[in-house]
Structure formats: structure tokens, C-alpha cells
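Undergrad: output the structure for:
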Amino acid sequence: MEISNIYTKYKIMPNLQEHMLRVAAVASLICDNFNESLPKEEIITACLFHDMGNIIKFKWDSPLGLLEPKLEYWKKVQSEYIERYGENVHEATLSILRELGLKPIISVIESFDSNNPYDSDNILKNNNWVVKICLYSDERVAPFGVTSIEERLIENRKRLENRGILMSEEKYIFIKNSLLELEQQIFSKCKINPSYITDETVAPTISELKNFVIK
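TA: Residues are numbered from 1 along each chain as shown. As a prediction, this is how the structure comes out:
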């Protein structure tokens with residue numbers, strides 16, 4: 001089944017579809033320029049599904065939640081998700097993967113969507129390039145497009161503050177340094193550099209990925 005049909009079946013919001021397609025496109029660009037052999041299809045599949053349950057946590061009074069004129073429709077879809085999968089976004093995503101028979105992808109998403117994905121012992125010190133690339137690609141995509149690690153962290157921090165969640169300077173620096181180290185690890189094995197990855201360079205891949213067939 002094509003990913004676009006799966007998104008339709010699971011009533012994935014347009015902006016959430018765009019986010020997952022962008023993340024997968026970033027990962028695809030990295031895979032195509034990586035100096036070692038990679039399971040590209042596994043990486044792309046994980047990126048295309050990593051936020052399937054995210055409608056559960058949407059706040060409709062934020063700019064990210066404005067989906068007029070179908071706002072009431074999407075609120076109804078959110079209620080349906082919560083009734084079917086519960087209020088845990090991560091567990092909802094895993095449940096959808098099980099329904100689709102994508103159990104091999106579950107371990108990947110669990111690894112880069114954990115409570116503390118920046119733990120050096122968890123990701124930075126191992127050689128699991130699937131998880132490294134998935135996590136990094138997700139961190140390169142802000143709500144409205146591809147960005148740098150630094151800009152992504154600034155945007156995320158502001159968004160959390162607007163929701164009353166304050167991030168200490170110590171934690172912010174720790175996450176920033178961890179992600180920059182991850183970036184260095186990945187691009188030390190790439191033919192491109194991080195600045196090459198932009199909305200313009202991933203756009204052709206996004207178009208192709210809309211027809212990506214899940215096996």
C-alpha cells in the first residue's frame with residue numbers, strides 16, 4: 001500500500017503528513033550520500049510512520065492546530081484516536097505499526113522516540129546508523145520546514161515556553177551538544193554537509209515519497 005493511502009486511512013492531518021514526509025526526505029538524502037551501505041527502506045519507513053499518533057497531543061489554540069475550515073472534523077478525529085488508542089502518543093503510534101504488520105520498525109521508533117534519546121550511551125556511542133539517522137532527520141525538521149539543528153532547538157524551546165514548559169539552560173546546552181555531536185558523526189561519513197539539506201534540496205524526494213510503497 002502507498003504511504004499516501006495509509007495516511008488517508010488513518011486520517012493523518014495534512015501538516016503531520018508533511019512533517020513525516022520531510023523527515024523521510026531528509027533521511028533519504030543522507031542515505032543516498034552515505035559512504036557505507038544502509039538499510040534505506042527501513043530508515044525511510046520508520047521516518048514515514050514515527051509520528052502517526054501525534055494528533056492525540058494537538059492543542060487547537062496554537063498555530064500548529066489551526067486547520068480551518070475542518071477544525072471540528074479534526075477535533076472529532078482526535079477524540080476517535082484517544083478512544084481507540086488512549087492518550088499516550090508513543091503507544092498509539094506503536095499500536096498503528098502493529099496493525100499494519102510493521103513490527104520490525106517498532107524497535108527503531110522506540111529507540112529514537114524514547115524519554116531520553118540524547119543519552120550518549122543510548123545513541124551517540126553505538127553504531128546503529130538507522131536510529132542515528134532517523135533521530136537526526138527528525139531534529140532537522142521544524143513544524144513549517146527544514147531547518148538547522150540550532151534553529152530547530154530555538155523554535156522548540158520557544159514552543160515549550162508558550163505551553164508553560166521551561167527548559168533549563170543546562171538541559172538546552174546538553175541537548176544541543178548531543179545533537180551537534182550526532183550531526184558530526186553522520187556527516188563524517190557523508191559526501192554532503194549539513195547545510196546542503198534544505199527545503200529546496202528535499203522537495204523532489206518528498207514528491208517521490210508520496211508514492212512510497214510499504215511492503
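
Undergrad: the chain: strands as residue ranges?
TA: Taking DSSP state E as the criterion, the chain carries its strands at 141-142, 145-146.

Undergrad: which helices and strands does the first one pack with?
TA: Based on contacts counted as 3 or more C-beta pairs under 8 Å, 6 or more residues apart in numbering; DSSP states H and E, the elements that strand 141-142 packs against are helix 14-32, helix 149-162. Just so you know, the C-beta spots here come from the backbone N, C-alpha and C atoms, and that holds for glycine as well.

Undergrad: and the shortest one, what does it pack onto?
TA: This points to helix 149-162. Using 3+ C-beta pairs under 8 Å, 6+ apart as the contact definition, the elements that helix 149-162 packs against are strand 141-142, helix 169-187.

Undergrad: can you list the strands of the chain in a markdown table and add distance to residue 129 and mean pLDDT?
TA: Converted to a markdown table, these look like this (distance: least, C-beta to C-beta, whole Å; pLDDT from 0 to 100):
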| stretch | distance to residue 129 | mean pLDDT |
| --- | --- | --- |
| strand 141-142 | 19 | 92 |
| strand 145-146 | 20 | 96 |
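
Undergrad: of those, flag the one that's most buried.
TA: Comparing these by mean neighbour count (mean count of other C-beta atoms under 10 Å), strand 141-142 ranks first with a mean of 21.

Undergrad: need the contact partners of that strand.
TA: Contacts of strand 141-142 from elsewhere in the structure, counted by C-beta atoms under 8 Å, 6 or more residues apart in numbering, are 19, 22, 23, 26, 147, 151, 152, 155, 156.

Undergrad: how about 6 Å then?
TA: By C-beta atoms under 6 Å, 6 or more residues apart in numbering, the surrounding residues in contact with strand 141-142 are 22, 23, 152, 155.

Undergrad: pick the one among those closest to residue 90.
TA: Within the contacts of strand 141-142, distances to residue 90 taken as C-beta to C-beta reach their minimum at residue 23, with 16.0 Å.

Undergrad: number of nearby residues for the closest one?
TA: Using other C-beta atoms under 10 Å, residue 23 is surrounded by 25 other residues.

Undergrad: which among the contacts of strand 141-142 end up buried?
TA: Those of the contacts of strand 141-142 that meet the buried threshold are 22, 23, 152, by 16 or more other C-beta atoms under 10 Å.

Undergrad: grab the nearest non-local neighbour of the first one.
TA: In this case it means residue 22. If the residues on either side of it in the chain are set aside, residue 22 comes closest to residue 141, at 4.6 Å by C-beta to C-beta, 6 or more residues apart in numbering.

Undergrad: before we move on, back to that, which one of the helices and strands packed on strand 141-142 is the most hemmed in?
TA: When neighbours are counted by mean count of other C-beta under 10 Å, the highest per-stretch mean among these falls to helix 14-32, a mean of 21.

Undergrad: which pLDDT value belongs to residue 99?
TA: Each residue has a pLDDT score; the one for residue 99 is 95.

Undergrad: try residue 185
TA: So, for residue 185, pLDDT stands at 95.

Undergrad: same check on residue 172?
TA: In the predicted model, residue 172 carries a pLDDT score of 86.

Undergrad: show me the helices in this protein, by range?
TA: Read by DSSP state H, the chain holds these helices, from start to end of the chain: 3-9, 14-32, 40-49, 71-85, 89-99, 103-112, 129-139, 149-162, 169-187, 199-209.
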